[in-house]
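Colleague: fold the following for me, if possible:
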Amino acid sequence: MHIILAPLISVAMIVLDLYMWALILSVVMSWLVAFNVINTHNRFVYLAGDFLYRVTEPALRRIRRVVPVMGGIDLSPMALVLAIIFLKMVLEQIARQVIPLEGW
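Modeller: Coordinates of the predicted model:
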């Protein structure tokens, strides 16, 4: 069983890391566009922003239904980062209990 579970947990951790970086990049890019540092008329900037929006917005939309906007600041990315960190900790604990010899 641990022959399948160890790589599965490793892949899940990598996917969570990549999603967290995509979320951070999306937030930073939205700030740069809002402060007119980068321009969305550039094709690469537009495509990168569109990709990040499409990847992160479904999860953020669900969180925005629960977490209200506080004083014009959207706290949903922070809540999602905390949820990702929590999921990673849960996966680490599962890995330690199921695979004690692997050195998690």
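
Colleague: residues in contact with the helix or strand that contains Leu82?
Modeller: In the assignment (DSSP states H and E), Leu82 maps to helix 76-98. With contact meaning Cβ atoms under 8 Å, 6 or more residues apart in numbering, helix 76-98 is reached by 1-2, 5-6, 9, 12-13, 16-17, 19-20, 23-24, 26-27, 56, 59-60, 63-64, 67, 102, 104. In this view, the C-beta of every residue, glycine as well, is placed from N, C-alpha and C.

Colleague: narrow those to those that are buried.
Modeller: 9, 16, 19-20, 23, 26-27, 56, 59-60, 63-64, 104 (16 or more other Cβ atoms under 10 Å).

Colleague: now tabulate those residues in TSV and tack on secondary structure, pLDDT and distance to Arg96.
Modeller: TSV is the format used below for the buried ones among the contacts of helix 76-98 (DSSP: H, G, I helix; E, B strand; the rest coil; pLDDT from 0 to 100; distance: Cβ to Cβ, whole Å):
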residue	secondary structure	pLDDT	distance to Arg96
Ile9	helix	93	10
Leu16	helix	98	17
Tyr19	helix	98	22
Met20	helix	97	21
Leu23	helix	97	26
Ser26	helix	97	32
Val27	helix	96	31
Thr56	helix	97	30
Ala59	helix	96	27
Leu60	helix	96	31
Ile63	helix	95	29
Arg64	helix	92	34
Trp104	coil	51	5
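
Colleague: farthest pair within those?
Modeller: Arg64 and Trp104 (34.1 Å; Cβ to Cβ).

Colleague: count of neighbours near Pro68?
Modeller: 9 (other Cβ atoms under 10 Å).

Colleague: what about it, distance to Ile9?
Modeller: Counting by Cβ to Cβ, to the nearest Å, the gap from Pro68 to Ile9 is 34 Å.

Colleague: could you do Ile3 as well?
Modeller: 12 Å.
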